[in-house]
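Enquirer: Here is my input; please provide its structure:
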Amino acid sequence: MVAVTKTFTLREVRAAYELGLRHVGENYVDELCHKRDATRELDLHWHFLGSLQTNKIPRAVRCANVLSGVARTREIDVIANSSPGPSVDVQVDFTGRAERNGAAPQDVAALVAHARARSLLVRGLMVVAPRGEHETREAFRRTRDLADELGLVERSMGMSDDIEIACELGSTEVRVGRALFGARVPKGPLT
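Expert: Numbering: from 1, shown residues only. Modelled structure (predicted):
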């Protein structure tokens, strides 16, 4: 389980640690680096979750253990040029909507091959399910099958609203924020 602490404070990060969680996820590079630096004494494994801006990749590479959300060859190239660094998850998008991050399913194999050719450790695939139970099940099923076809171990599938479906369909990692910490708080001080 990745405890998603986006907009939460260091107090919640430390509370998650005290409860035994060791994987923490953030959606913003500045927040990721701040929290990682402030908790260096803890045995935490940091995940950057979501869309990567190429100008922020070098900093994300220094702060994250895993970059989940890689979706373009340009991102892979910048990550590879910033190595050694974190492992990566390629994000799959089943919606086809331009505003959603992720690669189309038919493009994933080429992205994984490109990342491997650039000597990146591709850990697995990540997906944010589309709305609707049928669509969610289909996205998780297809992600699982695609990961199997590509020989990838990790399937980062499932969040607070669809954990059960994700686990049923072969998720190896869920990303949970609201179900652990409650509703997101307005962005404020990170301390």
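
Enquirer: Only C-alpha atoms from now on, for both contacts and neighbour counts.
Expert: Noted.

Enquirer: Now do residue 70 against residue 178, distance only.
Expert: 23 Å (CA to CA, to the nearest Å).

Enquirer: between those two, who's got more neighbours?
Expert: residue 70 (29 against 16; other CA atoms under 10 Å).

Enquirer: Could I get the full set of strands for the protein?
Expert: Listed in chain order, the strands found in the chain under DSSP state E are 2-4, 23-26, 45-49, 66-70, 87-92, 122-127, 154-157, 175-176.

Enquirer: Pull up the pairing partners for the fourth one, direction included.
Expert: Yep, that's strand 66-70 we're talking about. Using DSSP bridges, the strands paired with strand 66-70 in its sheet are strand 45-49 (parallel), strand 87-92 (parallel).

Enquirer: and the first one, C-alpha only, in CSV?
Expert: In CSV, the C-alpha atoms belonging to strand 45-49 read as follows (Å, rounded to 0.1, in the frame of the first residue of the first chain):
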residue,chain,number,x,y,z
HIS,A,45,10.1,4.5,0.1
TRP,A,46,8.9,7.6,-1.8
HIS,A,47,6.7,7.4,-5.0
PHE,A,48,6.0,10.3,-7.3
LEU,A,49,2.5,9.7,-8.6
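
Enquirer: now it and strand 122-127, what's the angle there?
Expert: Between the axes of strand 45-49 and strand 122-127, defined by axes from the mean of the first three to the mean of the last three CA atoms, to 10 degrees, the angle is 50 degrees.
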